[in-house]
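Engineer: sequence below, structure please.
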Amino acid sequence: MTNASLGTQLFVLQMVIVLLAVGGTAAVWAGHTRTQLNLRYQQRALAIAESVAGMPQVRAAFNTKNPEKVLQPLAVSVQQSTGADYVVIANREQTRYAHPNSTLIGRKLSTDGSGVIESGRTWVGTETGTVGTTVRGKAPIFDEYGIVIGLTSVGVLEATVHGELSDALPPLLWTAFAVLLAGSAAAALITARVRRQTFGLEPREIAALLEQREGVLHGVKVGVLALDLTGRVTLVNDAAHELLGEVGDVGTDLTQLPVSERMRDVLGGADPGEDRIVLHGERVLVLNRTPVSVRGQQRGWVITLRDRTELVRLARDLDDASSATDALRAQAHEFANRMHTVVGLLELGEHDAAVAFITRTTRSTYALDIRDRVQDPTLAALLLAKSAEAAERGATLVLADDSDVPDGRLGDPQDAVLVVGNLVANAIDALDGAAGTIEVSVRADESGLHVRVGDSGPGITPGLVEEVFREGFTTKAARSGQRGLGLALTRQACMRRGGWVNVRNEGGAVFTALLP
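Structural biologist: Numbering: from 1, shown residues only. Okay, here's the model as predicted:
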């Protein structure tokens, strides 16, 4: 049996259950019927016995010299008319006056009747006497003064009861047979259905597939989160736990997951699309939501999560390096132009003009102006690079007069570079290659770094003032890659340190931020 197929094992198991159920039901029914028949025949025998005991001629016969001459014919007549197997009448000393076997008249009863005689109460039960084992009833016989003068015993052979029970068995057997046939058909249908649902696979094959599935899901580095159609978690692999933290056990509802509203919208399908960018703590995640269909019916959703934190950080560093390179190239180009001018003046013999040109150029260098106001070298280099980038794209970056960042005030400048760089980059994008001005104010005091970046662009649509800080939001055509991350990362950096960032329209968009 252990080598039998899953379908065979299921069929045999179900048939055993059906057999036990039908057999048990039949046994209970037969026992109950036997009990009911016994009770019915006992009550019938008792009713006959009480009727005989109450006959006036029976009471009168006890006062005669030979009661058996009157009672024997009477008992035989009652026995024949009622269908009882015997009717016995005895006196108080339990001597028979009437019996089916006339040779036993005058002898004592084979069973004790003293209980009926002494108590004056009827009795029913099963006893074995001269006739055989019978279901019988006994009733006392009273004289006109209410004194017990004898008893009447009426019985029906158990064989009669068994015969009636046997007559009732064929319908039961046919019913049980019909139930067995129906159970066999149902078991066959269930077995076929199970085979279809398991694609004919055996338990060991299903176990092997499950082990392979668990190994693949928990071995891959991509996070996998599965939801059913009601939004409950049905699967979370190890990578998803690592990326999202403790996201709850299988069966947890989507609304109970400890994630941001933005991520919940992506997981639930409120924000559809491919490669949705979501910030989760310090991580930048890319989510893709795919429907799961089984035999043409949708059963749920699978969400894959990829960690792009390091990639975004490297891309940001590459952008900074590219900006610095562009700034150096612009300065080199400008320096070459100035050197050509100086060489020309010297060749023309205009020595005084050459000296004056060199002096004037040195004193008005923009880099020196930035360095004087922003003494932190990292932030100053960023502003210089962004200034060159803006110039390359036709815009002008201006450092506000209130800018003042003493050296050493920022400590670790990483978050300051992120906030200022993203806000300035956003302002440059807002101008979209058109000529315009970007004003930057950076001021450090005891409360932190105050940043203000304004541009002369079209500004922010009033309904999108809060939306611009959501990860993945962008007004550009491209919605993949790093688009929509800058302002979200800026807000995250400020809020992580207890600060804030907001935007308003004053001609163009003006972003202000506090980085404690």
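Engineer: check the residue nearest to residue 290 when sequence neighbours are not counted and give its pLDDT.
Structural biologist: Once flanking residues are discounted, residue 290 sits nearest to residue 302: 5.2 Å by C-beta to C-beta, 6 or more residues apart in numbering. Backbone N, C-alpha and C define where each C-beta goes, glycine included. Looking at residue 302, its pLDDT reads 84.
Engineer: need the three-state assignment for residue 302.
Structural biologist: Look at residue 302: counting by DSSP: H, G, I helix; E, B strand; the rest coil, its state is strand.
Engineer: burial count for it?
Structural biologist: If you count neighbours by other C-beta atoms under 10 Å, residue 302 ends up with 15.
Engineer: farthest from the middle of the protein: give me that residue.
Structural biologist: residue 65 (93.7 Å; C-alpha atoms, centre = their mean).
Engineer: helix, strand, or coil at it?
Structural biologist: Here residue 65 is coil, with the state taken from three-state DSSP.
Engineer: again, but for residue 289
Structural biologist: Under three-state DSSP, the three-state class of residue 289 is strand.
Engineer: beta partners of it?
Structural biologist: Residue 289 forms beta bridges with residue 303, as assigned by DSSP bridges.
Engineer: what's the closest non-adjacent residue to residue 286?
Structural biologist: Closest residue to residue 286 apart from its sequence neighbours, by C-beta to C-beta, 6+ apart: residue 306 at 4.6 Å.
Engineer: ok, now which ones touch that neighbour?
Structural biologist: Contacts for residue 306 (C-beta atoms under 8 Å, 6 or more residues apart in numbering) come out as 222, 223, 285, 286.
Engineer: 10 Å - rerun?
Structural biologist: Contact partners of residue 306, counting by C-beta atoms under 10 Å, 6 or more residues apart in numbering, are 221, 222, 223, 239, 243, 275, 284, 285, 286, 287, 288.
Engineer: buried subset of those residues, written for ChimeraX?
Structural biologist: Per 16 or more other C-beta atoms under 10 Å, the buried members of these correspond to this ChimeraX selection:
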select :223,239,243,284,285,286,287
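Engineer: format the contacts of residue 306 as a markdown table; extra columns: distance to residue 182 and pLDDT.
Structural biologist: What follows is the contacts of residue 306, written out as a markdown table (distance: C-beta to C-beta, whole Å; pLDDT from 0 to 100):
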| residue | distance to residue 182 | pLDDT |
| --- | --- | --- |
| 221 | 54 | 71 |
| 222 | 51 | 78 |
| 223 | 51 | 79 |
| 239 | 51 | 73 |
| 243 | 54 | 74 |
| 275 | 57 | 74 |
| 284 | 62 | 76 |
| 285 | 56 | 79 |
| 286 | 57 | 80 |
| 287 | 52 | 83 |
| 288 | 51 | 84 |
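Engineer: and which of the contacts of residue 306 is nearest residue 231?
Structural biologist: residue 287 (15.5 Å; C-beta to C-beta).
Engineer: quick one: contacts for the closest one?
Structural biologist: 223, 225, 263, 266-267, 271, 273-278, 280, 303-306, 472.
Engineer: longest single helix anywhere in this structure?
Structural biologist: Longest among the helix segments of the chain by residue count, using DSSP state H, is helix 6-53.
Engineer: just checking, what packs against the helix or strand following that one?
Structural biologist: Going down the chain from helix 6-53, the next helix or strand is helix 56-61, by DSSP states H and E. Packed against helix 56-61 by the contact rule (3 or more C-beta pairs under 10 Å, 6 or more residues apart in numbering; DSSP states H and E) you find helix 6-53, helix 67-82, strand 96-98, strand 133-142, strand 148-157.
Engineer: what residues sit buried inside the third one?
Structural biologist: By neighbour count, with 16+ other C-beta under 10 Å as the criterion, the buried positions of strand 96-98 are 96, 97, 98.
Engineer: quick one: average pLDDT of the helix or strand following that strand?
Structural biologist: With elements assigned by DSSP H and E, the helix or strand that comes after strand 96-98 is helix 114-119. For helix 114-119, mean pLDDT rounds to 84.
Engineer: for helix 114-119, packing partners?
Structural biologist: Against helix 114-119 (3+ C-beta pairs under 10 Å, 6+ apart) you get strand 86-91, strand 133-142, strand 148-157.
Engineer: among the ones you listed, which is nearest residue 423?
Structural biologist: Residue 423 lies closest to strand 133-142 among those, at 105.1 Å (C-beta to C-beta).
Engineer: ok, the closest one: who's next to it in the sheet?
Structural biologist: The strands beside strand 133-142 in its sheet (DSSP bridges) come out as strand 123-128 (antiparallel), strand 148-157 (antiparallel).
Engineer: figure out how far the first one is from the centre of its chain.
Structural biologist: Going back to what we said before, that points to strand 123-128. Remark: strand 123-128 is offset 64 Å from the chain centroid, using C-alpha atoms, centre = their mean, to the nearest Å.
Engineer: buried residues in that strand?
Structural biologist: So, applying 16+ other C-beta under 10 Å, buried residues of strand 123-128: 123, 124, 127.
Engineer: does the second one touch residue 40 like I think?
Structural biologist: By that I understand residue 124. No: applying C-beta atoms under 10 Å as the test, residue 124 and residue 40 come out as separate, 11.0 Å apart.
Engineer: if I look at the residue nearest to residue 290, how far off is residue 292?
Structural biologist: For residue 302, the distance to residue 292 equals 5 Å [C-beta to C-beta, to the nearest Å].
Engineer: identify the contacts common to those two.
Structural biologist: Counting by C-beta under 10 Å, 6+ apart, the shared contacts of residue 302 and residue 292 are 226, 227, 234.
Engineer: closest one to residue 389 out of those, please.
Structural biologist: Closest to residue 389, out of all of the shared contacts of residue 302 and residue 292 and judged by C-beta to C-beta, is residue 227, at 43.3 Å.
Engineer: what pairs with the helix or strand harbouring the closest one, parallel or antiparallel?
Structural biologist: If you go by DSSP H and E, residue 227 is part of strand 223-228. With DSSP bridges as the test, strand 223-228 is paired with strand 233-236 (antiparallel), strand 297-307 (antiparallel).
Engineer: what would those look like in a markdown table with distance to residue 352?
Structural biologist: A markdown table is the format used below for the strands paired with strand 223-228 (distance: least, C-beta to C-beta, whole Å):
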| stretch | distance to residue 352 |
| --- | --- |
| strand 233-236 | 79 |
| strand 297-307 | 64 |
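Engineer: among those, which is nearest residue 171?
Structural biologist: Shortest distance between residue 171 and the strands paired with strand 223-228, using C-beta to C-beta, is found for strand 297-307: 46.3 Å.
Engineer: domain assignment for the protein?
Structural biologist: 48-159, 221-305, 311-515 (automatic domain parsing).
Engineer: the longest helix of the chain - contacts with which helices or strands?
Structural biologist: Counting contacts by 3+ C-beta pairs under 10 Å, 6+ apart, helix 6-53 packs against helix 56-61, helix 67-82, strand 86-91, strand 123-128, strand 133-142, strand 148-157, helix 158-197, helix 203-219.
Engineer: save these as a markdown table, and put in mean pLDDT too.
Structural biologist: Shown next, in a markdown table, are the helices and strands packed on helix 6-53 (pLDDT from 0 to 100):
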| stretch | mean pLDDT |
| --- | --- |
| helix 56-61 | 86 |
| helix 67-82 | 86 |
| strand 86-91 | 87 |
| strand 123-128 | 84 |
| strand 133-142 | 86 |
| strand 148-157 | 87 |
| helix 158-197 | 74 |
| helix 203-219 | 69 |
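Engineer: one step back: out of the shared contacts of residue 302 and residue 292, who's nearest residue 499?
Structural biologist: Using C-beta to C-beta, residue 227 comes nearest to residue 499 of those, at 35.3 Å.
Engineer: my guess is that closest one contacts residue 292. True?
Structural biologist: Yes: using C-beta under 10 Å, residue 227 and residue 292 qualify as a contacting pair, with a distance of 9.1 Å.
Engineer: neighbour count: those two, which is higher?
Structural biologist: residue 227 (22 against 15).
Engineer: excluding chain neighbours, what is closest to that one?
Structural biologist: Nearest residue to residue 227, sequence neighbours excluded (C-beta to C-beta, 6+ apart): residue 301, at 4.8 Å.
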